[in-house]
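> Here's a sequence, model it:
(2 chains)
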Number of protein chains: 2
Amino acid sequence: MNTQEKTITTNVTTVTTKQIIKQVIKSWESQNKFVTTFFNKYADDVYLNEVSPGRNRAIYLLGHLISSNDGMIPMFGLGDRLFPHLELPFSISADKAVADIHSIAELKKNWETLNTTLSSYFNNMEPTEWMEKHTKVSEEDFAVDPLRNKLNVLIGRTNHQSYHAGQLAFLSPGV
Amino acid sequence: MNTQEKTITTNVTTVTTKQIIKQVIKSWESQNKFVTTFFNKYADDVYLNEVSPGRNRAIYLLGHLISSNDGMIPMFGLGDRLFPHLELPFSISADKAVADIHSIAELKKNWETLNTTLSSYFNNMEPTEWMEKHTKVSEEDFAVDPLRNKLNVLIGRTNHQSYHAGQLAFLSPGV
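Here you go, the predicted structure:
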């Protein structure tokens, strides 16, 4: 292989890497859209219903997804959570365990702000950054398992979101 | 950049591309494990219950996931479906629409066989193959949107699986 051929190969693989990362980000964004569409479907008070008898309320799942996704900001070393006050009621506590002071309208605004912020961060990260360890894994553990990188967190959070999206789909507006 | 540097850069980006694809495959495999564990949790007849009142039965969702994942074999040009007879009752039809001739034990075996087959295919596919169009997209449409490749199908099916996994988690053994 001559120098020119090597340059072409390098460019092709770099383009491929960037494209794959773009696909992972797009998959996360498409899950976001699903959730956004879902929470614009009914009147606000419908989301106070449990998604299935005895299960989480839809409003709790929205808060939970915001808190979970917001956690990526510190995990990726990008700064502090945008909505740290949502961690206790929606990540640490179960539904109905903490006094309910959040309105669905307020959470929907938080959700939009967070998605815009995260998409902007994600679309500006280089492949090498995605391959770096996140802040919750130690250097030692990362050396043993280099798949515990930032991209893996995003893939995991996307699946987490799909998991709860499947549950939200059970919400009955009439109950 | 001299020739040696270029070679190193090429190798690094190739390794990165392969690692990312490996992460996407692992994410799919980890969703498979979740489903397998879930269907080994209760006695077989529990899976004949609806996961939530008026919703799909767990047995239907297992058949649905098998049929959906099995569809990746022809979509990736790897051959024919392993279980083509499951497409009508579990992908084309809604739950309870087709006479029920499938046992949970039989579906669990199909699920295992399919996962082993798909994992073997996936782990032997080269990055360039993952970037190719799948068989259900035309050359023209693929030229417009090159993200409609095989990797995108796998990412989508992984999310699809998480979506239904969230619903399966609602199954009550006592109902």
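> so where does the residue most central in space within chain A fall, helix or strand?
By C-alpha atoms, centre = their mean, chain A has its centre lying nearest to A:N69, at 3.7 Å. Per DSSP states H and E: A:N69 is located in helix A:58-70.
> buried sites along that helix?
Neighbour counts over helix A:58-70 (16 or more other C-beta atoms under 10 Å in any protein chain shown) mark A:58-70 as buried. In this view, the C-beta of every residue, glycine as well, is placed from N, C-alpha and C.
> cool, stretch A:34-47 as well?
By neighbour count on 16+ other C-beta under 10 Å, the buried set for stretch A:34-47 is A:F34, A:V35, A:F38, A:F39, A:V46, A:Y47.
> out of these, which one sits closest to chain B?
When the buried residues of stretch A:34-47 are compared for distance to chain B (C-beta to the nearest C-beta), A:F34 comes out closest, at 9.2 Å.
> Please identify which helix or strand holds the closest one.
A:F34 is located in helix A:3-39, with elements delineated by DSSP H and E.
> what packs against that helix?
helix A:58-70, helix A:104-123, helix A:127-130, helix A:150-168, helix B:3-38, helix B:127-130, helix B:150-168 (3 or more C-beta pairs under 8 Å, 6 or more residues apart in numbering or on different chains; DSSP states H and E).
> need those helices in a markdown table with mean pLDDT and distance to A:L86, can you?
Shown next, in a markdown table, are the helices and strands packed on helix A:3-39 (pLDDT from 0 to 100; distance: least, C-beta to C-beta, whole Å):
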| stretch | mean pLDDT | distance to A:L86 |
| --- | --- | --- |
| helix A:58-70 | 97 | 5 |
| helix A:104-123 | 97 | 7 |
| helix A:127-130 | 92 | 26 |
| helix A:150-168 | 97 | 15 |
| helix B:3-38 | 84 | 26 |
| helix B:127-130 | 92 | 37 |
| helix B:150-168 | 97 | 20 |
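> now the ones you listed in CSV, with distance to B:I101?
Listed next are these as CSV, based on distance: least, C-beta to C-beta, whole Å:
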stretch, distance to B:I101
helix A:58-70, 36
helix A:104-123, 44
helix A:127-130, 47
helix A:150-168, 27
helix B:3-38, 22
helix B:127-130, 36
helix B:150-168, 22
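> Go through these and name the closest to B:E106.
helix B:3-38 (15.1 Å; C-beta to C-beta).
> distance of A:N124 from B:L118?
34 Å (C-beta to C-beta, to the nearest Å).
> Actually, A:W130.
Using C-beta to C-beta, A:W130 is found at 25 Å from B:L118.
> before we move on, what about A:Q167?
Distance, A:Q167 to B:L118, using C-beta to C-beta: 26 Å.
> before we move on, the earlier item: pull the most distant pair out of the buried residues of stretch A:34-47.
With C-beta to C-beta as the measure, no two of the buried residues of stretch A:34-47 lie farther apart than A:F34 and A:V46, at 17.1 Å.
> burial count for A:P84?
A:P84 has 12 neighbouring residues, counting by other C-beta atoms under 10 Å in any protein chain shown.
> Please apply the same query to the one 10 residues further on.
The number of residues packed near A:A94 is 11, by other C-beta under 10 Å.
> Can you say which helix or strand has it in it?
A:A94 is part of no helix or strand when elements are defined by DSSP H and E.
> Quick check: phi and psi on it?
phi -80, psi 170 (degrees, to the nearest 10).
> mind checking how far it is from chain B?
14 Å (C-beta to the nearest C-beta, to the nearest Å).
> do the same with A:N123
Distance, A:N123 to chain B, by C-beta to the nearest C-beta: 14 Å.
> surely that residue meets A:I25?
Yes: contact criterion C-beta atoms under 8 Å: A:N123 and A:I25 qualify, at 6.4 Å.
> Among these two, which residue is more densely surrounded?
A count of neighbours by other C-beta under 10 Å puts A:I25 above the other of A:N123 and A:I25, at 19 against 12.
> Do I have it right that the more buried one meets A:S119?
Yes: contact status for A:I25 versus A:S119: in contact at 7.5 Å, counting by C-beta under 8 Å.
> what sits against A:L61?
Contact analysis of A:L61 by C-beta atoms under 8 Å, 6 or more residues apart in numbering or on different chains lists A:V51, A:H164, A:Q167, A:L168.
> Contacting chain B as well, which ones from those?
Contacts with chain B within the contacts of A:L61, as defined by C-beta under 8 Å from any C-beta of the partner chain: A:H164, A:Q167.
> State the distance from A:L78 to chain B.
20 Å.
> just A:V153 next, same as before
Taking C-beta to the nearest C-beta as the measure, A:V153 falls 11 Å from chain B.
> How many residues are close by the spatially closest residue to that residue that is not a sequence neighbour?
Leaving aside its sequence neighbours, A:V153 sits nearest to A:H134 (C-beta to C-beta, 6 or more residues apart in numbering or on different chains; 5.4 Å). Number of residues near A:H134 (other C-beta under 10 Å) recorded here: 18.
> For A:H134, give me the backbone phi and psi.
Torsion angles, degrees, to the nearest 10, at A:H134: phi -90, psi 170.
> any idea how far it is from chain B?
To chain B, A:H134 is 13 Å away according to C-beta to the nearest C-beta.
> Pretty sure that residue sits against A:L151.
No: checked against C-beta under 8 Å, the pair A:H134 and A:L151 is beyond contact range at 9.5 Å.
> picking up where we left off before, looking at the helices and strands packed on helix A:3-39, which is nearest to B:S138?
helix B:150-168 (15.1 Å).
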